[in-house]
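J.: Next input, structure requested:
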Amino acid sequence: MVSFIKGFIDYIADSYFVIENNGVGYTVYASANTIRGIELNQEAKIYTYMNVTSDAITLFGFLTREEINIFDLLKTVQGVGPKIAVGILNTMPPEQIILSIITEDINAITKCPGIGKKTSQRIILELKDKMKTQSENILNKAAPISFLGQTEKQDAADALTSLGYGQSESFSAVMGVYTEGMDTSQIIKLSLKKLSRQ
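T.: Residues are numbered from 1 along each chain as shown. This next block holds a predicted model:
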């Protein structure tokens, strides 16, 4: 088992990179977040998962323990292999994945490549309790959490944080009340009601 590789980045592509360690170049498939965080000819420490099948041995790599921990949890779900787990991490950072699961936001998860409604429901069912144990540590490190261009959600969450609510509770409230087609004012109104009941 290869837990991590420390070396210099020799090549970067859209979905993988090559890292050189002691004269050997390792091809490592990675999330978009990890690929954005590395630089050519710069040293990096990459946490890895080795996937062994009958016809290939593939390395998946991540810059942070938070990412690989979420990856490890996702691939325990039936129907979610390493490639789909990386696809989820390409769509949402770890803190958004956690919030989507603990608030049972099926719509957010089904937007990830290769994830249908049934798989999304299975992810929530199997990981909700496990994600709750991960949430405090990862959400506290998130700086900042974003909804990746989902304007109405982002604006509502920003409004709640400006009112004095914490970042993670604001995002959790928004994700807990949001349904497709809501405008910002509706999201804020329902989120405030949800927060006032807590």
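J.: And the residue of the chain most remote from its centre, how far from Phe8?
T.: Distance from the C-alpha centroid of the chain, by CA atoms, centre = their mean, peaks at Gly23 (32.3 Å). Using CB to CB, to the nearest Å, Gly23 is found at 11 Å from Phe8. Where you see a C-beta, it was placed from the backbone N, CA and C, and this is true even at glycine.
J.: What of Ala32?
T.: On the measure of CB to CB, Ala32 and Phe8 end up 21 Å apart.
J.: before we move on, what about Val174?
T.: The gap separating Val174 from Phe8 is 41 Å, by CB to CB.
J.: got it, and Pro94?
T.: To Phe8, Pro94 is 26 Å away according to CB to CB.
J.: picking that back up, please identify which of Val174 and Phe8 sits among more neighbours.
T.: Val174 (31 against 15; other CB atoms under 10 Å).
J.: name the helices or strands packed onto the helix or strand hosting the more buried one?
T.: Element membership of Val174, judged by DSSP states H and E, is helix 167-177. Judged by 3 or more CB pairs under 8 Å, 6 or more residues apart in numbering; DSSP states H and E, helix 167-177 is in contact with helix 94-102, helix 117-141, helix 151-162, helix 184-197.
J.: what about 6 Å?
T.: For helix 167-177, the elements it packs on are helix 94-102, helix 151-162, helix 184-197, judged by 3 or more CB pairs under 6 Å, 6 or more residues apart in numbering; DSSP states H and E.
J.: Without its sequence neighbours, what residue ends up closest to Ser191?
T.: Nearest residue to Ser191 in three dimensions, chain neighbours excluded: Ala173, at 4.1 Å (CB to CB, 6 or more residues apart in numbering).
J.: ok, now Asn107?
T.: Glu180 (6.3 Å).
J.: any idea which element that neighbour lies in?
T.: Going by DSSP H and E, Glu180 is not in any helix or strand.
J.: can you pull the contacts of Phe4?
T.: With contact taken as CB atoms under 6 Å, 6 or more residues apart in numbering, Phe4 is in contact with 45, 47-48.
J.: swap in Lys194?
T.: For Lys194, the contact set (CB under 6 Å, 6+ apart) comprises 173, 176-177.
J.: out of everything not next to it in sequence, what's closest to it?
T.: Per CB to CB, 6+ apart, closest to Lys194 is Ala173, 5.0 Å.
J.: And for the one you found, the neighbour number?
T.: 25.
J.: Return the residues in contact with it.
T.: By CB under 6 Å, 6+ apart, the residues touching Ala173 are 191, 194-195.
J.: now with 10 Å?
T.: Residues in contact with Ala173 (CB atoms under 10 Å, 6 or more residues apart in numbering) are 103, 156-157, 160, 165, 187-188, 190-196, 198.
J.: Weed out the non-buried ones from the residues you listed.
T.: Buried members of the contacts of Ala173, scored by 16 or more other CB atoms under 10 Å, are 103, 156-157, 160, 165, 187-188, 190-192, 195.
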